[in-house]
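> Structure for this input, please:
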Amino acid sequence: MSDNTTDRFLGYLNWLFNPFHGLQTTEVYDLIGTSSLTEHALYLNLGYWRDADTIDEASEDLALLVAKKGGMAPCDTVLDCGYGFGDQDILWMRTMKPEKIIGLNITSSQVERARMNVADAGLWKSVDLREGSATEMPIENESIDLVVSVESAFHYRTREDFFREAFRVLRPGGRLVTADILPTENSDNLFRRMEQWLSWNLVAGKFNIPHENYYLTPSYSNKLSNAGFINIDVTSIRDDVYKPLHEYLSGNRTFVGKLHPLAKILAQLTLNRSAQSVYCGLDYILSYSEKP
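Reported below is the predicted structural model:
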């Protein structure tokens, strides 16, 4: 193997199977690279499966669910925090047609690829994808109508800092919408609680979720309120995410072939277990709030 291949192999080995080692968020996504589950884009979200039959449809449906929840409109300046490879921004610009989308992302490799995707789509004038942090936004006060974060706020150190920054950059009447992952409430059953602990900590450890972000839906709402937001709505949509995703991937394992050999092992082990067991420690919420 070449030095680069060897380094990547050892990086995967350490990340997947060393319980005492985690990676920084940028390192995780550099390692994953373009290993997306989707066939026709590079979405990295888990999808919203209520009316979807494929991972591509589910990924787009989740992006559209977030946009519609936030009332994304042609007059809006939108701030997308954690935009991945830019596919959702292209989708929103073509379907919801906001005036402008600004993106912030801290993973340089994704920023580069996302900018290429936007340019190829002919949208570079209206989609401005930047390298920057959602917890220290290089954005002017009260300059944004809608802030969105699709499956990235759990990474932020901390999510509360993100809420405060979102409040700062939003205009009065502006909206914040997140699709986010939280732990589930502990079961009364001891063995179930152990299963929940394992489920959550496997994900939280490998995807660099800070301990400060380990809290349930009521705390999520309280932290939004403490940041100054009103008209807060935090709803679990986990039943339309985890189980149907697991069923789809279990029945169609062609995606496994796109994974790194070590990742294939973990994927096969996961798919051979029930969705109820694999995801028992994970909630999935859609949140909406407004700046007065």
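> list the contacts for the residue lying closest to residue 136 once chain neighbours are set aside?
Nearest residue to residue 136, sequence neighbours excluded (CB to CB, 6 or more residues apart in numbering): residue 165, at 7.0 Å. Yep, even glycine has a C-beta here, placed from its N, CA and C like the rest. Shown in contact with residue 165 (CB atoms under 8 Å, 6 or more residues apart in numbering): 134, 135, 136, 137.
> what's the neighbour count on the second one?
Taking other CB atoms under 10 Å as the criterion, the count of residues near residue 135 is 21.
> again, but for residue 75
Neighbourhood size, residue 75 [other CB under 10 Å]: 8.
> Report the contact partners of residue 166.
Taking CB under 8 Å, 6+ apart as the test, what residue 166 contacts is 79, 81, 134, 137, 147, 176, 227.
> In PyMOL, how would I select the buried members of those?
To isolate the buried subset of the contacts of residue 166 in PyMOL, counting by 16 or more other CB atoms under 10 Å, use the following:
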select buried, resi 79+81+134+137+147+176+227
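> nearest to residue 128, of the contacts of residue 166?
Residue 128 lies nearest to residue 79 out of those, by CB to CB, at 10.0 Å.
> which residue is nearest the centroid of this structure?
Ranked by distance to the mean C-alpha position of the chain (CA atoms, centre = their mean), the top residue is residue 151 at 1.5 Å.
> Could you find the closest non-adjacent residue to it?
residue 45 (4.8 Å).
> and the gap between the residue lying closest to residue 289 once chain neighbours are set aside and residue 220?
Leaving aside its sequence neighbours, residue 289 sits nearest to residue 229 (CB to CB, 6+ apart; 3.7 Å). Using CB to CB, to the nearest Å, residue 229 is found at 11 Å from residue 220.
> Residue 200 too?
15 Å.
> one step back: is it possible to export the contacts of residue 165 to CSV including secondary structure, pLDDT and distance to residue 111?
Output for those, formatted as CSV (DSSP: H, G, I helix; E, B strand; the rest coil; pLDDT from 0 to 100; distance: CB to CB, whole Å):
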residue, secondary structure, pLDDT, distance to residue 111
134, coil, 98, 13
135, coil, 98, 17
136, coil, 97, 16
137, coil, 98, 15
